[in-house]
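*Asks:* below are the sequence and a predicted model; questions follow.
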Amino acid sequence: MKIKTLILLLFISISVCGQQTKKWLENIENPQYSTDELKKDNVKSEYLKHDFSTLLTPKQDFLGFIGQDYRRIRIYFTSITKDSSNKEKYINLIRSLFVL
């Protein structure tokens, strides 16, 4: 019974996500407001001169689960720095800990 319910919920969630994707694509192709229009200009070069490493550093620890027995894993971001040789990349140093 639990498996049937799980399969039913899976199919319902797939159809709902598919409908939201269609609406999102329609909104991109035919935006309601001028502020939603995609711009032809590439403005990435304007942002490359800024360092966003402080914004990318999380304020709290990440907690996740891994494996069939759902072992807890803690992820610590020790540092995030902008790469000096390639301005488009950031270097992330991460430490993880498995908890039994």
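*Replies:* Sure thing, it's come through.
*Asks:* every contact and neighbour count from this point should use C-alpha atoms.
*Replies:* Fine.
*Asks:* contact partners of the longest strand that the chain contains?
*Replies:* Identified as the longest strand of the chain according to DSSP state E is strand 71-82. With CA atoms under 8 Å, 6 or more residues apart in numbering as the contact definition, strand 71-82 has outside contacts at 51-54, 56-58, 61-66, 89-100.
*Asks:* now the helices for this protein?
*Replies:* Using DSSP state H, the helices of the chain run over 2-29, 44-48, 53-56.
*Asks:* before we move on, back to that, what pLDDT, on average, does the longest strand of the chain get?
*Replies:* If you average the pLDDT over strand 71-82, you get 83.
*Asks:* list the contacts of stretch 34-43.
*Replies:* Residues from elsewhere that reach stretch 34-43 (CA under 8 Å, 6+ apart): Ile28, Pro31.
*Asks:* how deep is Leu38 tucked in, by neighbour count?
*Replies:* 10 (other CA atoms under 10 Å).
*Asks:* can you check the pLDDT for the residue sitting nearest the centre point of the chain?
*Replies:* Per CA atoms, centre = their mean, the C-alpha nearest to the average position across the chain is that of Leu56, at 11.8 Å. Listed pLDDT for Leu56 reads 82.
*Asks:* from Leu48, how far off is it?
*Replies:* Leu56 sits 15 Å away from Leu48, going by CA to CA, to the nearest Å.
*Asks:* now do Arg71
*Replies:* 39 Å.
*Asks:* before I go, just wanted to say thanks for your time.
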